[in-house]
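Asker: coords below, sequence missing:
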C-alpha cells in the first residue's frame, strides 16, 4: 500500500503574469496557474460546498479575471483578492503543488497495470476468502490484484448457491441483466446461450452485445466432478499490445472498425457496435470486446472484408495461443473475477458424466475501484499517516 | 410501429469471382459476398446453434476457402459445397439480401434520433402510467420516445415510495450504486451531494465520475409544494451539434480533451476521465458527460488552459440558454426518465417552506432498447406480420 506523505511546501516567490500566477517553490522549481483556473478552484465556502462539490458556476467567472492583489499570509497561504468583485481566495501551497498541471502533455494516471502472458500461471493472483472477508488490508490487496492484472481468484468461498453475492458485497453492486441477478452455468436442454452446454468456449468477453457491457464478471464454482471444464483466461490488453507491435496494420483495423454483436431470445433482443479494441484519448488500449459466438455478420464496405478478416483471425488465433493462455481448474468453492473489458475468459469442453455447476454474476468496476480507494485511505490512516 | 415485410428474393444469376460470389437479383441489382464471409455465416446446425449463436470458430476457416460448386436448389436456396472439407451451406436469398454489405461505407443504424431545443416544451414526450402498464403497444410507444428524444415523462405513477421500481420493471433493471438502489432527493442536513439541498442545479449528467456511467436516470415526484424546484432538461446532442456548426474549434477541444470528474465521501471515492463530448467511430456525437459540480481541477497542459476554458464556458452557457432549455414542473406522481449520456437535467432552486420529495434511481439503456425491440417484434406480429 502506498503511503502518501506531503511535505509542507514553501513558496519562494510569487509573480503576476498577464494571465497567470507564477509560483517559484523553495526547491527552485516553478508552476504557472491561470487566474481563471485559480478562481474556478477556489476552496472558499461560497465557491465549494463542505462536501467538496463545486457551487461556483464556472461560466459566471469573467473570462478576463485578474487579481487586485496577491500575497503570502503569515500562515503561509496564498491570498488572492479578485479585482472584479473583491472575493478573497486562500490557497494552501501544498494543494496547489499537488494540482499543478504540466506545461505540456497530461498528468499520468496514478495506477499502472501489469500485462501478462502464459507465465502468470506460475503466480496466479489469488487469495483466501477467510483472509479477505474480515481484513481491510487483505481485501485491499485482493482488489488491487483485479486493478493490476484484470483477474483475481478467491478460494474457500462457501460452495452454496448465492454465496457469490457475499463476495460482490465486499466491493460493490450486482449489475442485473436479462440473465438475472445471478445465472447458473450448467448444461441444460434447449440452452438460450452456449454457456449452458458442455461445449468448449473459446476466450471471449461477456455480453459484448450490451452497451455498457458489465465491466466485471464473477464465476463461482459449486461443483466440479467432470472431465474437462478447465477455465481459460487471456489478457486482452497484452494481446492487443502485441498485435500493435507485431502487426500495426491489423491493430489499426481492430481499433478503428466497429463490428456488431447481437443476442436474441424470446425475452431479449440486444445489439451493440464497437471496435474489438477500443483506445482511450491517450491512444492506450482501454477496452476489449470480443465474442466469436455473438458477432453479427460483418456489414462494412466490401474492400475491408479481406483485410479485416485477416486481422480478426490473427486476434482470435492469439487468444488460442499457449503464449497468452492461462488455464486452471476452478475447484468447488473457488471463484474468479475478471475485468470484462480487459481479460477474456473461456473454458475447455467437458464430459456429460459428473456434474459441473458454476454461478455467475456481473458487477461494475467503478464500485470496486471506489472501495479500493476508500480502503487505501483507511489503511494509510492505520499506518499513522 | 414499422411493419417489416420482406419480398421473396429471386436470384437471376450467380457468378463465382476469385474471392467472392456475385449475386444478381431479379430486379437487376447485384451484391458481392466474400467466400470467407459466406462460410463464416453458414446457418447449418454444425456452424450455428439453434439459439442463433455461432459455433463455428472463424479462425478455423481456411483463409483461401473456395466453393467446389455453387448452385440454386429447386427450393430457391443457394447451395455451396466447400472445396476444403465438402461442408454444404444453404443460404436463403432473402437472408443474404438483408445482410448484403455495402461496396463502400457502412450500413446505417436502424433508428434515428430527433434533436430538440426549447420548442419541445410545446409537445413534451409523455404518456400516462395507466395506459402503458397493461398495453404493449402503448408501452412500446413510450419507450420509443426515450430512444428518439432521450427523455420521456410518465404521469400518474402512484406517489408512493418505491413505485419508481414498477416503472423500471416495465423495461429493465436498476443499476445499484453507492447511492443505493434508489435515492431520496430532498433537503437534508450535511448533504454528501448538492442534490440533497434546496440549491438550484445547473443542467448536468449524473455520476460523470463513474465508468460506466448509468445510462438512464429516473426521477419520480412524491411531493411538490415548494416555490421553485422546476425541472430543466437540455438535449446535449443538440447543443453539441450546434457547437460543431457554430464554433468547430471549440467542438474539437470538447470532443478530444479528456477531463476528470470526481466524487468523494466517507464511503465512496469515484473518479473517471472522458471528453465532455464523446464521438463514435462514425464521428457522430455518442455521449455527453458534464457536471460543473464534480469536475476536477483541469490537469492538462498549460497551453490548452485558455482555449479549453473558452470552450467549456461556451458549452455551459448554451446549457443555460433559453434556446435549448425546456422547463416543466414535475407534479406529484409524475416521473421523468432521461438518457443520461444525452439529455442533461437540472432544477431551479426551491424554498424551504413546503415539501419537495423526489425518488431517483439509475438503470441502463440496453435493457430498455432490448425490451423495445422485443415489443416491436410482438407488436408487428399482432399486426399480422
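Answerer: Yes, it's here. All figures in this text were calculated on a predicted structure; none of them were measured in a lab.
Asker: close enough to count as contact, residue A:68 and residue A:82?
Answerer: Yes - Residue A:68 is within contact range of residue A:82, at 6.5 Å (criterion: C-beta atoms under 8 Å). No exception for glycine: its C-beta is placed from N, CA and C like everyone else's.
Asker: Compare neighbour counts for these two and give me the winner.
Answerer: Shown here are residue A:68 and residue A:82; by other C-beta atoms under 10 Å in any protein chain shown, residue A:82 has more neighbours (20 against 13).
Asker: Can you check the pLDDT for residue A:378?
Answerer: Note on residue A:378: pLDDT of 79.
Asker: which ones are touching it?
Answerer: Residue A:378 sits next to residue A:136 when contact means C-beta atoms under 8 Å, 6 or more residues apart in numbering or on different chains.
Asker: could you say which helix or strand contains it?
Answerer: Take DSSP states H and E as the rule and residue A:378 turns out to sit in helix A:365-382.
Asker: Off-centre distance for that helix?
Answerer: Chain-centre distance of helix A:365-382: 14 Å, with C-alpha atoms, centre = their mean, to the nearest Å.
Asker: Also stretch A:116-130?
Answerer: Relative to its chain's centre, stretch A:116-130 lies at 19 Å (C-alpha atoms, centre = their mean).
Asker: what residues does that stretch touch?
Answerer: Defining contact as C-beta under 8 Å, 6+ apart, one finds that stretch A:116-130 is touched by A:138, A:141-142, A:145-146, A:148-149, A:151-158, A:167, A:235, A:238, A:322-328, A:335.
Asker: go again using 6 Å as the cut-off
Answerer: The contact list for stretch A:116-130 (C-beta atoms under 6 Å, 6 or more residues apart in numbering or on different chains) reads A:142, A:145, A:149, A:152-157, A:235, A:238, A:322-324, A:326.
Asker: Most neighbours among the residues you listed, please name it.
Answerer: residue A:235 (28 neighbours).
Asker: Look at residue A:202 and say how many residues are nearby.
Answerer: Applying other C-beta under 10 Å, we find 21 other residues in the vicinity of residue A:202.
Asker: I figured it hits residue A:347, correct?
Answerer: No - at 9.2 Å, residue A:202 does not count as touching residue A:347 under the criterion of C-beta atoms under 6 Å.
Asker: element containing the residue lying closest to residue A:44 once chain neighbours are set aside?
Answerer: Ranked by C-beta to C-beta, 6 or more residues apart in numbering or on different chains and with sequence neighbours excluded, the top spatial neighbour of residue A:44 is residue A:89, at 6.1 Å. Element membership of residue A:89, judged by DSSP H and E, is strand A:88-91.
Asker: For the very next helix or strand once past that strand, buried residues please.
Answerer: Per DSSP H and E, strand A:88-91 leads on to helix A:93-98 as the next helix or strand towards the C-terminus. By 16 or more other C-beta atoms under 10 Å in any protein chain shown, the buried positions in helix A:93-98 come out as A:93, A:95-97.
Asker: What pLDDT is listed against residue A:384?
Answerer: pLDDT, residue A:384: 38.
Asker: Also residue A:355?
Answerer: 88.
Asker: Residue A:103: neighbour count?
Answerer: With other C-beta under 10 Å as criterion, residue A:103 counts 10.
Asker: and it, how far is that from residue B:304?
Answerer: Remark: distance between residue A:103 and residue B:304 (C-beta to C-beta, to the nearest Å) = 11 Å.
Asker: can you check residue A:285 too?
Answerer: Residue A:285 is 24 Å from residue B:304, by C-beta to C-beta.
Asker: C-terminal to whichever strand or helix holds residue A:127, what's the next element?
Answerer: Using DSSP H and E, residue A:127 sits in strand A:126-128. Next along the chain after strand A:126-128, taking DSSP H and E as the criterion, comes helix A:129-132.
Asker: and the gap between residue A:336 and chain B?
Answerer: The spacing between residue A:336 and chain B, counted by C-beta to the nearest C-beta, to the nearest Å, is 21 Å.
Asker: What is the neighbour count of the residue lying closest to residue A:62 once chain neighbours are set aside?
Answerer: By the measure of C-beta to C-beta, 6+ apart, the closest residue to residue A:62 outside its immediate chain neighbours is residue A:84, 5.2 Å from it. As a burial measure, residue A:84 scores 13 neighbours (other C-beta under 10 Å).
Asker: Now do the same for residue A:84: its pLDDT.
Answerer: pLDDT, residue A:84: 96.
Asker: What of residue A:132?
Answerer: 96.
Asker: List the residue ranges of chain A that fall below the pLDDT cut-off.
Answerer: Within chain A, the segments meeting pLDDT under 70 span A:1-8, A:381-385.
Asker: before we move on, the earlier item: which one of residue A:285 and residue B:304 has more residues nearby?
Answerer: residue A:285 (23 against 16).
Asker: ok, residue A:64 - contacts?
Answerer: Counting by C-beta under 6 Å, 6+ apart, residue A:64 has no contacts.
Asker: which SS class is it?
Answerer: Of the three states, residue A:64 takes coil under DSSP: H, G, I helix; E, B strand; the rest coil.
Asker: still on that earlier bit, would JSON lines of the buried residues of helix A:93-98 with distance to residue A:353 be doable?
Answerer: Output for the buried residues of helix A:93-98, formatted as JSON lines (distance: C-beta to C-beta, whole Å):
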{"residue": "A:93", "distance to residue A:353": "71"}
{"residue": "A:95", "distance to residue A:353": "65"}
{"residue": "A:96", "distance to residue A:353": "68"}
{"residue": "A:97", "distance to residue A:353": "66"}
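Asker: from these, which are also near chain B?
Answerer: When contact is defined as C-beta under 6 Å from any C-beta of the partner chain, those do not meet chain B at all.
Asker: Just the closest of those to residue A:19, please.
Answerer: Lowest distance from residue A:19 to the buried residues of helix A:93-98 (C-beta to C-beta) belongs to residue A:96, with 16.6 Å.
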